[in-house]
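In: pasting a predicted model and its sequence here:
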Amino acid sequence: MNKSMREKLDNLRQRKNKDYQNIVYYSYKMSVHEHINNHELKRLEHSIRSLREFNNEICVYLFCDDHNFISPDFCSNYDVNFRSFVDGFDHDMLSAWSIHRWYNLKYFEGRSCNILYLDSDTIFYDDPQYLFDTYCHRDVYGREEFGFRHDPNTGGGRGIRESLDKVDAAIYDLGGKREVYKYCLGVILMNNNFHDQIIDRLDELTKLMQLFKFSEELMPIPNPRIVDQYAVWIIFSRLELVGDMFATQDVTMGFKEQKHEEFFNPVVLHYTTKGEQGLAESDEKYANLIRDTDKLGAEIDPYSMILS
């Protein structure tokens with residue numbers, strides 16, 4: 001692409017987004033296990049530091065239900081807007097372990113913004129502004145959960161197809177209106193005030209989470225770790241969302257996608273808990289993510305407490 005064409009494309013993207021503030025957003029609910037909180041803090045600090053290596057201007061928010069979770073000096077040094085959970089959040093609700101990231105969107109209710117939500121297990125290798133500039137034509141962008149239809153790492157086979165068909169059928173049975181991408185919600189971009197539509201459906205989302213808690217037979221996915229994602233897919237389908245996908249070279253999920261390391265340069269890597277050890281061993285900057293005790297196994301992931 002020649003320079004004049006690239007400039008025209010960049011100008012078009014900037015005009016489309018000029019009335020919207022771009023926001024990077026994290027949310028964490030404290031665990032009852034101190035070692036999990038300590039490890040989660042390391043992840044978050046690594047993610048935010050890596051982001052600020054490439055962009056010192058974009059607005060970053062971190063929500064947590066404990067104001068002592070992160071150092072005020074860190075927030076000041078890296079220009080992080082720390083906020084408590086929104087008023088009215090029920091910390092004792094069955095789905096509180098996960099649904100907080102959707103409830104805290106209420107802080108931005110009515111604001112004209114595009115919101116990039118990130119789990120803590122993410123590392124930036126380039127400017128996040130690129131994602132806002134490039135992925136601006138649909139209301140939602142993400143990568144599909146591992147093993148689903150549009151995940152490039154999925155193997156074929158009749159068994160896989162039948163399993164995915166069951167998920168689609170179950171979504172329709174619970175009020176879905178169209179097929180939607182089965183997003184992994186660890187990196188999800190919501191454009192054009194789409195967060196307001198989620199806020200309007202929070203009661204529905206909460207009821208779905210509670211339904212799955214007490215009626216596991218309604219879950220066509222034998223993985224309780226992603227029960228919240230399944231509920232969100234249903235909400236997206238009820239909304240008849242027409243979303244799209246991040247390209248794998250821009251948002252990478254796990255080290256299994258580092259097929260050509262000399263060309264590995266995503267905007268953001270969602271390394272996931274499973275890939276954390278590989279990240280820690282590959283770069284001394286992240287050496288403190290190496291788990292030093294056996295108890296930092298399944299427990300290290302807040303999602304492991306879903307059905308507890």
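Out: On my side now, so go ahead.
In: tell me where the model's unsure across this structure.
Out: Counting by pLDDT under 70, the low-confidence segments of the chain come to 1-18, 149-163, 216-217, 221-224, 255-263, 292-308.
In: which parts of the stretch 51-200 of the chain are strands?
Out: Secondary structure of the stretch 51-200 of the chain by DSSP state E, counting those that start in this stretch: the strands cover 59-64, 80-83, 113-118, 122-124, 140-144, 183-190.
In: what sits against the nearest residue to residue 26 once chain neighbours are set aside?
Out: Nearest non-adjacent residue to residue 26, counting by CB to CB, 6 or more residues apart in numbering: residue 62, 4.6 Å away. Any C-beta I mention is one placed from the backbone N, CA and C, and that applies to glycine too. Residue 62 is in contact with 26-28, 44, 48, 70, 75, 80-83, counting by CB atoms under 8 Å, 6 or more residues apart in numbering.
In: drop anything exposed from those.
Out: Burial by neighbour count, 16 or more other CB atoms under 10 Å: within the contacts of residue 62 this picks out 26-28, 44, 48, 70, 80, 82.
In: next up, the contacts around the nearest residue to residue 55 once chain neighbours are set aside.
Out: Nearest residue to residue 55, sequence neighbours excluded (CB to CB, 6+ apart): residue 127, at 4.9 Å. Residues in contact with residue 127 (CB under 8 Å, 6+ apart) are 54-55, 267.
In: just the buried ones out of these, please.
Out: Using 16+ other CB under 10 Å, the buried ones in those are 55, 267.
In: any chance of the contacts of residue 127 in TSV with distance to residue 291 as columns?
Out: Below are the contacts of residue 127 laid out as TSV (distance: CB to CB, whole Å):
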residue	distance to residue 291
54	28
55	30
267	27
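In: I'd like to know which of the contacts of residue 127 is nearest to residue 140.
Out: Closest approach to residue 140 among the contacts of residue 127 (CB to CB): residue 267, at 17.0 Å.
In: got the phi/psi numbers for that closest one?
Out: Note on residue 267: backbone dihedrals following degrees, to the nearest 10 are phi -70, psi -50.
In: quick check: it vs residue 127, distance?
Out: Here the distance between residue 267 and residue 127 works out to 7 Å (CB to CB, to the nearest Å).
In: pull the contacting residues for the residue nearest the centre of the chain.
Out: For the chain, the residue nearest the mean C-alpha position is residue 186 (2.3 Å; CA atoms, centre = their mean). By CB under 8 Å, 6+ apart, residue 186 lies in contact with 118-119, 121-122, 253, 270, 272.
In: please redo it, this time with the cut-off set to 6 Å
Out: Applying CB atoms under 6 Å, 6 or more residues apart in numbering, one finds that residue 186 lies in contact with 119, 270.
In: would you mind measuring from it to residue 245?
Out: 14 Å.
In: just residue 95 next, same as before
Out: The gap separating residue 95 from residue 245 is 27 Å, by CB to CB.
In: between those two, who's got more neighbours?
Out: A direct count of neighbours by other CB atoms under 10 Å for residue 95 and residue 245 places residue 95 higher, at 22 against 19.
In: residues touching that one, list them.
Out: By CB under 6 Å, 6+ apart, the neighbours of residue 95 are residue 209.
In: that older thread, quick one: which of the contacts of residue 127 is nearest residue 148?
Out: residue 267 (21.7 Å).
In: quick check: that closest one touching residue 126?
Out: Yes - using CB atoms under 6 Å, residue 267 makes contact with residue 126 at a distance of 4.4 Å.
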